[in-house]
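# Got a predicted structure here, sequence first:
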Amino acid sequence: MQILIAGGGIGGLTAALAFLKAGHSVTVLERAPEIAEVGAGLQISPNGMKVLDALGASARVSRDAFRPRAQELRLGRSGARIFSVPLREASQARWRGEYLHIHRADLIEALKACVVDRAPDAIRLGAQVTGYELREGGVVAVLSTGEKVSGDLLVGADGIHSAVRAQMLGPDKPRYTGNVAWRAVVPVSKLGDYPPPETACVWAGKRRHAVTYRLRRGSLANFVGVVENPEAGDESWTSVGAREQALKDFKGWNPVVQRIIDEAPLLMRWSLYDRPELAKWQEGRVVLLGDACHPMLPFMAQGAVMAIEDAYVLARELGRGGPLEGALRAYEAKRKPRTTRVQAVARANAALFHRSNPLYQFGTYGPMWVAGRYLPAFVHGRHDWLYGHDVTEPD
Ligand SMILES: Cc1cc2nc3c(=O)[nH]c(=O)nc-3n(C[C@H](O)[C@H](O)[C@H](O)COP(=O)(O)OP(=O)(O)OC[C@H]3O[C@@H](n4cnc5c(N)ncnc54)[C@H](O)[C@@H]3O)c2cc1C
């Protein structure tokens, strides 16, 4: 098949690689003039790494990654540890895959290199898809220039503001979640005596939480800070915020958190929106993938990983040889329950990390402390359904 992919982000490039590996021709239509990424980190859990392994991309992807020693939850002000469970070796042993922290730019660069190795002309830059036309036995992607590109299938991997989804289902109705997110990446060398721990660390607090972890073999610190705020603002990852506001939001917090904010070359700030489950992910020869069909709050660190899983499952369903529409429906049926569950758990995590009343904090974090200390296998077990899942296994 000739497959058109709208969007050359993490989902679009993984899908391109999976389709090329299966012997299809691919054109990635990416609106940006060059493939570039915002400076930010991503946690890629074992369920995502199993796909990248199966596609032959994991060596490139993991080259400059960081392998966190543990997963931990601390109190934001005092830094007191609520629990810490091993991750580096435990991840391989329990979930048969690595747990990595990766710079977004490194992941995109690695995926792009894998695609270009197989098909040097597969990626078309400066190509913004505005819609599509369904034809007898084919589909046409319409670009902002008016150009029409024909193929057998169009995959909408064009992210949270997807133009392909807008045509398929009408305008999107996002709900403001009442949370604003800060994001920054800082060289560890600038953090003096307060580098973040070499873990995937959540700092919990009253109506707010922060996440810190390392990137690029440990040389960079990644920071995400989430604060409840009744005022809805921009849903754009590229809006810059004021340092004074971020310092105010995390006033009195542990010096590790404050130092990152102090030293951040740039602090991005945007409002977090949520979307209800979509009625469908496919129409004729058009199908959605990744944030285009199941955007999620970042509180499970799974948005990119779910896009990676989607890509593999879609390529496999197409490879079964039945009618195309049936394959697209089977893909949706396989992916929707899992991604909907992850969306729901991510939503619930906001409440878990933002306990404001000391009694609630004790009631929630006390049992977690006990479990982390005495029953680490129990804590790990809570993630088996997510990290242990392997979409590359034959079904
Ligand atoms: C604060 C924060 C932290 C996160 N942390 C994690 C994490 O640790 N782990 C994790 O797995 N996920 C994480 N995520 C989620 C993750 O970043 C997204 O889920 C992931 O990027 C989705 O990939 P995608 O390919 O679907 O969309 P995107 O990455 O948004 O890619 C879409 C691509 O399509 C292009 N495009 C858009 N419109 C058009 C068009 N009309 N025509 C052509 N091209 C177009 C864009 O330029 C872009 O290249 C986080 C998100 C946030 C906000």
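Thanks, I have it.
# Name the nearest residue to residue 46, sequence neighbours excluded.
Take residue 46 and drop its neighbours on the chain: the residue closest to it by CB to CB, 6 or more residues apart in numbering is residue 97, 2.9 Å away. Yep, even glycine has a C-beta here, placed from its N, CA and C like the rest.
# neighbours of that neighbour, just the number please.
Neighbourhood size, residue 97 [other CB atoms under 10 Å]: 22.
# Surely it is in a strand?
No. Assignment of residue 97 by DSSP: H, G, I helix; E, B strand; the rest coil gives coil, placing it outside any strand.
# Where is the longest helix in this structure?
helix 324-353 (DSSP state H).
# Now it: average pLDDT?
Helix 324-353 comes out with an average pLDDT of 91.
# Can you list the helices and strands that it packs against?
Contact here means 3 or more CB pairs under 8 Å, 6 or more residues apart in numbering; DSSP states H and E; on that basis helix 324-353 packs against strand 175-187, strand 200-205, strand 282-283, strand 286-288, helix 303-318.
# who does the third one pair up with?
Looking back up the chat, that one is strand 282-283. strand 286-288 (antiparallel) (DSSP bridges).
# what does this protein put close to the ligand?
Proximity of the chain to the ligand is confined to 6-12, 29-32, 42-43, 128-129, 157-159, 163, 181, 183, 224, 290-292, 298, 301-305, 307 under the rule CB under 6 Å from any ligand atom.
# Mean pLDDT and mean neighbour count for the helices and strands packed on helix 324-353 - can I get that in a markdown table?
Formatted as a markdown table, the helices and strands packed on helix 324-353 follow (pLDDT from 0 to 100; neighbours: other CB atoms under 10 Å):
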| stretch | mean pLDDT | mean neighbour count |
| --- | --- | --- |
| strand 175-187 | 93 | 20 |
| strand 200-205 | 92 | 23 |
| strand 282-283 | 96 | 20 |
| strand 286-288 | 98 | 27 |
| helix 303-318 | 98 | 25 |
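# Could you identify the buried members of the residues of the chain next to the ligand?
6-12, 29-31, 42-43, 129, 157-159, 163, 181, 183, 224, 290-292, 298, 301-305, 307 (16 or more other CB atoms under 10 Å).
# hang on, residue 310 packs against residue 335?
Yes. Between residue 310 and residue 335 there is a contact under CB atoms under 8 Å: 5.6 Å.
# Just the terminal-to-terminal distance for stretch 380-395.
Using CA to CA, to the nearest Å, the end-to-end distance of stretch 380-395 comes to 25 Å.
# what does that stretch rub up against?
Contact with stretch 380-395 is made by 45-47, 50-51, 53-54, 85, 90-91, 94-97, 99, 300, 302, 309, 312-313, 334, 338, 342, as judged by CB atoms under 8 Å, 6 or more residues apart in numbering.
# do the same with stretch 139-155
By CB under 8 Å, 6+ apart, stretch 139-155 touches 1-6, 12, 15, 27, 29, 31, 127-133, 135, 137-138, 164, 284-289, 314, 318, 324.
# follow-up on the earlier one: in helices only, show me the buried ones among the residues of the chain next to the ligand.
Short answer: these in helices (DSSP H) are 10-12, 163, 303-305, 307.
# ok, so of the residues you listed, who is nearest the ligand?
Distance to the ligand across these (CB to the nearest ligand atom) is lowest for residue 303, with 2.1 Å.
# Pull the contacting residues for that closest one.
Contacts of residue 303 (CB under 8 Å, 6+ apart): 290-291, 295-296.
# Reformat those as CSV; add pLDDT.
Compiled in CSV, the contacts of residue 303 are given as follows (pLDDT from 0 to 100):
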residue, pLDDT
290, 97
291, 95
295, 92
296, 91
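# quick one: which of these is nearest residue 208?
residue 296 (19.4 Å; CB to CB).
# In three-state terms, label the closest one for me.
coil.
# Look up how far the ligand lies from the closest residue to residue 229 other than its chain neighbours.
Closest residue to residue 229 apart from its sequence neighbours, by CB to CB, 6+ apart: residue 180 at 4.6 Å. With distances taken as CB to the nearest ligand atom, to the nearest Å, residue 180 is found 11 Å from the ligand.
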